[in-house]
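*Asks:* quick one, what's the 3D model for this:
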Amino acid sequence: MNGRAREGASVDVEALLRAVDIFVGLKAPQIARLGKLATRRTFPAGVQILRRGDSGVALYVIASGRVAVTLESEEGGREQRLGELGPGETFGEMALLDGGPRSANVTALAPTECILLNRWDFDGEMRRDADIARALVPVLCRRIRELHGRVLRYEPEATTD
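*Replies:* Residues are numbered from 1 along each chain as shown. A predicted model of the protein is given here:
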């Protein structure tokens, strides 16, 4: 891809990656290498991009469009919307590090173009350049602290018997 998506509107992949919070600590040559590994995918509105429980193999950076992040109830059927994401935002980042199962569903709300970094390529870059892994640590720690704060503030609704 040489740092730029092909077909249709041109997306500056390196600029997009540079703006992603987990990559802000990376230097230009590191971003350039990641940009060369990136691939582009487009999804029509209504398509489920990720399904909770599926294997995680890539990080998605939204270049254009909008997605909904949802969870189904344990009983099935009811779906809870956790949020919406748009251009410059990411989903699936845990897959870059652990390849574990997806934690939520992600569905395109509009035609959506994403830039993908797969786990194997990213792992190779982290092995080649340990500074990439070191740059991720503060961002991931901040996210864990934010999540911990939200959990501490959560108060379940009172129930009546």
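*Asks:* going forward, measure contacts and count neighbours with C-alpha atoms only.
*Replies:* OK.
*Asks:* now the strands for this protein?
*Replies:* 39-43, 48-50, 58-64, 67-72, 79-85, 90-91, 105-108, 112-118 (DSSP state E).
*Asks:* mind giving me the packing neighbours of the fifth one?
*Replies:* Just to be clear, that refers to strand 79-85. Counting contacts by 3 or more CA pairs under 8 Å, 6 or more residues apart in numbering; DSSP states H and E, strand 79-85 packs against strand 67-72.
*Asks:* so what are the sheet partners of the strand it packs on and their directions?
*Replies:* strand 79-85 (antiparallel), strand 105-108 (antiparallel) (DSSP bridges).
*Asks:* report the buried residues of that strand.
*Replies:* By neighbour count on 16 or more other CA atoms under 10 Å, the buried set for strand 67-72 is Val67, Ala68, Val69, Thr70, Leu71.
*Asks:* and those residues as JSON lines, adding distance to Gly99 and pLDDT?
*Replies:* Converted to JSON lines, those look like this (distance: CA to CA, whole Å; pLDDT from 0 to 100):
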{"residue": "Val67", "distance to Gly99": "21", "pLDDT": "97"}
{"residue": "Ala68", "distance to Gly99": "22", "pLDDT": "96"}
{"residue": "Val69", "distance to Gly99": "19", "pLDDT": "93"}
{"residue": "Thr70", "distance to Gly99": "20", "pLDDT": "92"}
{"residue": "Leu71", "distance to Gly99": "19", "pLDDT": "86"}
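*Asks:* can I get these in a markdown table with distance to Gln30?
*Replies:* Shown next, in a markdown table, are those (distance: CA to CA, whole Å):
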| residue | distance to Gln30 |
| --- | --- |
| Val67 | 28 |
| Ala68 | 30 |
| Val69 | 29 |
| Thr70 | 33 |
| Leu71 | 34 |
